[in-house]
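>>> here you go, sequence then predicted model.
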Protein chains: 2
Amino acid sequence: MNESTEQKPDAAPGTRRPGGRTARTRAAVRDAVLTGLAAHGYPGLTVEYVAEHSGVHKTTLYRRWGGLEGLVADALALAGEDSWSPPDTGSLEGDLRALAHEVSDAFADPGAAAAPTAFVGAAFQSPRAAEALHAFYVERFSRCEVVVTRAVERGDAPAGTDAAAVVRAVSAPLFLRLFITREPVDGAVADQAAQATLAAVRAGAFTAPTQ
Amino acid sequence: MNESTEQKPDAAPGTRRPGGRTARTRAAVRDAVLTGLAAHGYPGLTVEYVAEHSGVHKTTLYRRWGGLEGLVADALALAGEDSWSPPDTGSLEGDLRALAHEVSDAFADPGAAAAPTAFVGAAFQSPRAAEALHAFYVERFSRCEVVVTRAVERGDAPAGTDAAAVVRAVSAPLFLRLFITREPVDGAVADQAAQATLAAVRAGAFTAPTQ
């Protein structure tokens, strides 16, 4: 246990002194959660493991995060606080292609894919992880919507295009293969997802209200 | 334990006397696995539960199925042996719409959705469940490909359309929302998935080899 990372009992995760001790503790705990998820998956993760790998005492973890579900949810919340922004290649085709390739590239390396995969798996077991995963993706996809907004402004997509649906459509075939059908994903699959989504946007399939 | 469902040690699941005692035992075990998955999810399922609810002795379950992973994998294999066939409405639009609605309808009822959801979740924990899930969906999607073949024959889709990609594309946004982003799925989402896929097919996005 590393006492220097200890916090007062009333400190909720990440609520004070950003960049200070609270933030460092939270990041250390998050790193331990990610390492544990990557190594053992959610079923193999324990509060003891997180304590050992973060240097934060188990009683502190229970007091501030409530337990394993809270630790996983907070690691996801922290992952959502990054400064990632979607590609801006100058064309809708380029942006959709780049978005699709970010997904296929991210999961091509089993080491890099392990923790995100474990988050998706954890949501099947933990309602709190499911809520955190939902919040993460809703926020992430809303960041992507600018790709469609810019395309509409450029005349590259019809006015009234449902940006939320478009950014989900381009990722969906990749996630289907990764987590449902468990089929390989590569650049060709990413390109096909981008081409199909682009064609549907241009045909106005994401503007017309369906019957 | 129900001795009448007992098999000789050399009997692999489902390998003899179809419709007879072996098939009945396998179906009883499958039903118990589905009930257990729906009630408790994969993490809560035990061989003891399956024994109790199937009337097949635990030692028989271990001998013939190897354990929990084998039980889940065999229940999925048996689910794939149904006589389901894809819709045949006379148009590609109608067929894609019906396929998408089958998914949204199937998961609209939490009771009916529980076991299939547990199968998808089990694949994150059990390599044998992941293999069985892969086999199930590859076979299921290959059954759907006739929808595209018929459309090409009718002139309703371009020759050379990648049928495997089309049938995945129409389901993918629904599965994304159900199991990754955990957003609601309804008929409107299904219609939009069908419209987008149809537009992409008609534009030839599923025929052109991508760069």
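Thanks, I have it. Just so it is clear, the structure is predicted and the values come from calculations on it, not from any experiment.

>>> so A:Ala100 touches A:Leu198, yeah?
No - in this structure, A:Ala100 is not within contact of A:Leu198 by CB atoms under 8 Å, at 10.3 Å. Heads up, the C-betas are built off the backbone N, CA and C, glycines and all.

>>> for the lengthiest helix in chain A, list every residue counted as buried.
Looking across chain A with DSSP state H, the single longest helix is helix A:21-44. Using 16 or more other CB atoms under 10 Å in any protein chain shown as the test for burial, helix A:21-44 gives A:22, A:25-26, A:28-30, A:32-38, A:41-42.

>>> and chain B, which of the residues you listed reach it?
Among the buried residues of helix A:21-44, the ones lying near chain B by CB under 8 Å from any CB of the partner chain are A:41-42.

>>> for chain A, give me the ranges with low pLDDT.
A:1-19, A:208-211 (pLDDT under 70).

>>> so it: which segments form each domain?
According to automatic domain parsing, chain A comprises the domains A:3-79, A:92-202.

>>> roughly how far apart are the spatially closest residue to A:Pro127 that is not a sequence neighbour and A:Gln125?
Excluding its sequence neighbours, the residue lying closest to A:Pro127 (CB to CB, 6 or more residues apart in numbering or on different chains) is A:Glu69, at 7.7 Å. Distance from A:Glu69 to A:Gln125, counting by CB to CB, to the nearest Å: 9 Å.

>>> ok, A:Gln195 to B:Val152 distance?
18 Å.

>>> got it, and A:Arg30?
A:Arg30 is 50 Å from B:Val152, by CB to CB.

>>> same check on A:Arg182?
In this view, A:Arg182 and B:Val152 are 28 Å apart by CB to CB.

>>> kindly report the same for A:Asp74.
Plainly put, A:Asp74 is 51 Å away from B:Val152 if you go by CB to CB.

>>> any idea how many residues pack against the closest residue to A:Ala38 other than its chain neighbours?
Sequence neighbours aside, A:Ala114 is the residue nearest to A:Ala38 in space, at 3.7 Å (criterion: CB to CB, 6+ apart). If you count neighbours by other CB atoms under 10 Å in any protein chain shown, A:Ala114 ends up with 18.

>>> return the residues in contact with A:Ala114.
Residues near A:Ala114 by CB atoms under 8 Å, 6 or more residues apart in numbering or on different chains: A:37-39.

>>> cool, and A:Gly155?
Shown in contact with A:Gly155 (CB under 8 Å, 6+ apart): no residues.

>>> for the residue lying closest to A:Val148 once chain neighbours are set aside, what are its contacts?
Once flanking residues are discounted, A:Val148 sits nearest to A:Ala163: 3.6 Å by CB to CB, 6+ apart. A:Ala163 makes contacts with A:144-145, A:147-149, as judged by CB under 8 Å, 6+ apart.

>>> okay, those residues in TSV with neighbour count and distance to B:Ser85 next?
TSV is the format used below for the contacts of A:Ala163 (neighbours: other CB atoms under 10 Å in any protein chain shown; distance: CB to CB, whole Å):
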residue	neighbour count	distance to B:Ser85
A:Cys144	23	37
A:Glu145	17	38
A:Val147	23	39
A:Val148	24	37
A:Thr149	12	42
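
>>> closest to A:Leu96 among those residues?
A:Val147 (7.2 Å; CB to CB).

>>> surely the closest one meets A:Gly94?
No - if you go by CB under 8 Å, A:Val147 and A:Gly94 don't touch, sitting 9.6 Å apart.

>>> mutual contacts of the two, please.
Common contact partners of A:Val147 and A:Gly94 (CB under 8 Å, 6+ apart): A:Pro87.
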